[in-house]
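K.L.:
attaching a predicted model along with its sequence, questions to come.
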Amino acid sequence: MEMIYCPGCASGLHDSGACPVCGALRTGQQAQAVQRNPFKLIAWCVLWAVVFWLGSLFLSGALAGASDPGQAAALGRRFDESLGGPLLLLSIGLSIVLTVRGALPGTAKTFPPTP
């Protein structure tokens, strides 16, 4: 039988799935890198930016209404006019960072290991 060496610590492996010394998976069972489609990533990034932006506008309007219920509509419009642009830029930046890191649904970097 051919000796298989651990990719993590170079000790000899048996037929088990993980290294008994360091716990690393055998070479055939390591998580495989995903070739991520850039067009799909851009679409996900735009979608999440819009979701973050609309959520932040809704939250700012709700907070404005909670502070003064009688003037909720006027305060909400004023918040949307003054904070709409900065919140959009913040949402775009946040979605770009989280998409590149693979932290958002649909943007994962690796497949789970196969048994």
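P.N.:
Thanks, I have the structure now.
K.L.:
so Ser95 is in contact with Trp48, correct?
P.N.:
Yes - between Ser95 and Trp48 a contact is recorded at 4.1 Å, counting by CB atoms under 8 Å. No exception for glycine: its C-beta is placed from N, CA and C like everyone else's.
K.L.:
low-confidence regions, the protein specifically.
P.N.:
Applying pLDDT under 70 to the chain flags the ranges 1-18, 23-34, 110-115.
K.L.:
helices of that one, start to end?
P.N.:
38-67, 72-101 (DSSP state H).
K.L.:
between the ones you listed, which gets nearest to Val21?
P.N.:
helix 72-101 (30.7 Å; CB to CB).
K.L.:
please name every helix or strand in contact with that closest one.
P.N.:
Other elements packing on helix 72-101 under the criterion 3 or more CB pairs under 8 Å, 6 or more residues apart in numbering; DSSP states H and E are helix 38-67.
K.L.:
list residues touching both of Ser95 and Trp48?
P.N.:
Overlap of the contact sets of Ser95 and Trp48 (by CB atoms under 8 Å, 6 or more residues apart in numbering) consists of Leu104.
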